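J.: Any chance you can model this:
(one chain, ligands or ions: 1)
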Amino acid sequence: MTQQEWGQLRKRLLKTVGQNNYTTWIEPLKFRELTDGIVTFDVPTNFMGNYVSQNFSDLILHELKSEYDDVRRLSFAVAANAQARPTALDAPTPAATAPAAQTSTSALAAAALDKRFTFDSFVVGKPNELAHAAARRVAEGGPVTFNPLFLYGGVGLGKTHLMHAIAWELRARQPGMNVLYLSAEQFMYRFVQALRDRKMMDFKELFRSVDVLMVDDVQFIAGKDSTQEEFFHTFNALVDQNKQIIISADRAPGEIKDLEERVKSRLQCGLIVDLHPTDYELRLGILQSKVEQQQLVYPDLKVEDGVLEFLALRISNNVRVLEGALTRLFAFASLVGRKIDLDLTQDCLADVLRASERKITVEEIQRKVSEHYNIRLSDMIGPKRLRSYARPRQVAMYLCKHLTSRSLPEIGRRFGGRDHTTVMHGVKRIDELRQQDGQIAEDLELLRRALEA
Ligand SMILES: Nc1ncnc2c1ncn2[C@@H]1O[C@H](COP(=O)(O)OP(=O)(O)OP(=O)(O)O)[C@@H](O)[C@H]1O
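T.: Coordinates of the predicted model:
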């Protein structure tokens with residue numbers, strides 16, 4: 001790697017950390033060397049090295065690893081002492097080393113586990129309770145009851161966190177167990193390397209000898225035919241031996257494009273659970289727990305009333321964005337010596353707040369409405385014409401028309417391929433009922449509030 005390559009790579013962090021953080025913390029990092037899996041950056045001060053190490057090292061590592069498979073950890077050296085090594089920051093003290101340096105790696109581990117991703121630090125709420133319960137069950141390490149466990153959900157909702165938590169727990173309960181966690185990308189990389197080096201036997205042996213296999217972001221292998229084929233064989237061999245498999249993806253197996261049918265159907269055999277987009281209560285809970293973590297770094301900083309509620313209301317579903325916002329807020333407050341109140345929040349996070357203006361989706365509306373009327377989502381979208389399904393369906397269509405920018409034909413398509421005239425009729429009917437029927441008016445108000453929260 002060169003400074004120029006790092007210059008390209010770091011740009012990917014801009015979106016996640018925000019412009020302020022990027023300019024303050026990421027841009028000043030100068031790549032020095034990559035040796036024995038350790039990437040060393042020159043930094044102007046100790047404080048900066050510590051700060052970056054504590055707050056951004058996982059993100060930086062993630063990007064580096066996506067390009068350079070052998071990268072294991074980061075080290076920061078104060079630029080003035082560039083010739084004198086090791087620097088204070090090279091020493092593996094908890095404050096100065098990246099999380100990956102504090103990881104546990106069994107002989108088989110292909111990817112480092114993040115120390116922070118445990119069950120203890122996972123905040124449970126309605127949107128993730130099922131996924132959490134399933135993960136807990138698997139982590140008990142009892143007899144395999146569902147295989148695979150398939151976790152899916154949108155970006156930054158905690159899939160990787162839950163997978164690491166399972167791995168930590170299994171290793172704690174049964175230290176002798178071979179738990180292999182890796183991303184689908186790493187699976188492919190290893191497979192290609194084995195082919196190239198004519199070491200397919202070793203590859204097969206390695207994967208078939210694990211007790212628990214965890215593959216993150218499996219959608220990555222879609223469209224990659226030989227990797228899918230090998231994955232399919234690995235999967236079958238492990239299921240045959242009754243070994244637990246845990247998979248994550250950004251969508252349900254049936255919805256991953258360019259994934260072979262036989263792989264899809266294998267993935268659908270076990271338990272499929274999704275992490276729903278976070279709701280207000282969960283976001284607030286997560287923020288409260290992250291504040292406690294930030295206060296370990298900044299014991300003097302307090303968060304004024306109303307700030308967390310404001311963030312939970314205004315910032316998007318993605319927990320990573322939420323965390324990033326909080327990190328930035330604490331850093332900013334400590335740099336400028338101001339208290340963390342609403343004024344500071346608005347000054348410091350203006351761009352994040354603008355970017356996460358809530359966009360309500362058709363799927364969210366369908367889910368909220370079906371929960372509200374206590375019917376199944378499939379019945380709402382399906383062909384049944386009974387009033388107990390048809391009315392909620394019309395309510396949902398009405399809300400889609402008013403709360404999203406979707407056209408009537410598009411809405412019709414999302415409701416089981418109905419015609420736009422059906423949608424138009426439904427919307428009109430609810431408009432009429434709203435005037436006459438207090439209950440419908442109340443339902444609409446409640447739903448609207450829940451969706452806009
Ligand atoms: N319920 C939660 N409690 C505490 N932290 C959470 C929770 N959900 C997510 N996070 C945090 O949010 C960040 C993003 O989570 P994670 O990396 O697990 O997301 P992901 O679903 O794997 O996303 P991606 O699709 O980008 O891989 C992590 O720092 C994680 O610790």
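
J.: Which stretches in the stretch 51-200 of the chain count as helices?
T.: Using DSSP state H, counting those that start in this stretch, the helices of the stretch 51-200 of the chain run over 129-139, 159-173, 184-196, 200-208.

J.: In the sheet, which strands lie alongside whichever helix or strand comes after the shortest one, parallel or antiparallel?
T.: I take that to be helix 200-208. With elements assigned by DSSP states H and E, the helix or strand that comes after helix 200-208 is strand 212-216. Its sheet considered, strand 212-216 pairs with strand 179-183 (parallel), strand 244-249 (parallel) by DSSP bridges.

J.: Show me what counts as buried in the helix or strand that the last one is followed by.
T.: In the C-terminal direction, the helix or strand that comes right after strand 244-249 (DSSP H and E) is helix 261-267. Burial within helix 261-267, assessed by neighbour count using 16 or more other Cβ atoms under 10 Å, is assigned to Val263, Arg266, Leu267. The C-beta positions use only the backbone N, C-alpha and C, and glycine is treated the same way.

J.: now do stretch 115-123
T.: Buried residues in stretch 115-123 (16+ other Cβ under 10 Å): Lys115, Phe117, Thr118, Phe119, Ser121, Phe122, Val123.

J.: Adding pLDDT as columns, could you present those in TSV?
T.: Converted to TSV, the buried residues of stretch 115-123 look like this (pLDDT from 0 to 100):
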residue	pLDDT
Lys115	88
Phe117	94
Thr118	95
Phe119	97
Ser121	95
Phe122	97
Val123	97
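
J.: List, out of those, those positioned next to the ligand.
T.: Phe117, Ser121, Phe122, Val123 (Cβ under 6 Å from any ligand atom).

J.: quick one on the thing from earlier: got JSON lines for the buried residues of stretch 115-123, with distance to Val307 too?
T.: Shown next, in JSON lines, are those (distance: Cβ to Cβ, whole Å):
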{"residue": "Lys115", "distance to Val307": "28"}
{"residue": "Phe117", "distance to Val307": "26"}
{"residue": "Thr118", "distance to Val307": "26"}
{"residue": "Phe119", "distance to Val307": "27"}
{"residue": "Ser121", "distance to Val307": "21"}
{"residue": "Phe122", "distance to Val307": "23"}
{"residue": "Val123", "distance to Val307": "18"}
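
J.: Going by distance to the ligand, which of those residues wins?
T.: Val123 (3.7 Å; Cβ to the nearest ligand atom).

J.: Among the helices of the stretch 51-200 of the chain, show me which one is buried the most.
T.: Compared across those, helix 159-173 shows the largest average neighbour count, a mean of 22 (mean count of other Cβ atoms under 10 Å).

J.: Kindly state the pLDDT recorded for Ser316?
T.: With respect to pLDDT, Ser316 scores 69.

J.: got it, and Gln83?
T.: pLDDT for Gln83: 35.

J.: Report the contact partners of the residue of the stretch 201-350 of the chain found nearest the ligand.
T.: Nearest to the ligand in the stretch 201-350 of the chain, going by Cβ to the nearest ligand atom, is Val319, at a distance of 3.5 Å. Contact partners of Val319, counting by Cβ atoms under 8 Å, 6 or more residues apart in numbering, are Gly156, Leu157, Gly158, Thr278, Arg283, Ile286.

J.: again, only using 6 Å
T.: Residues near Val319 by Cβ atoms under 6 Å, 6 or more residues apart in numbering: Gly156, Ile286.

J.: how close does Gly337 get to Leu344?
T.: From Gly337 across to Leu344, the span is 11 Å (Cβ to Cβ, to the nearest Å).

J.: out of those two, which sits in the busier spot?
T.: Leu344 (17 against 6; other Cβ atoms under 10 Å).

J.: In which helix or strand does that one reside?
T.: helix 342-348.
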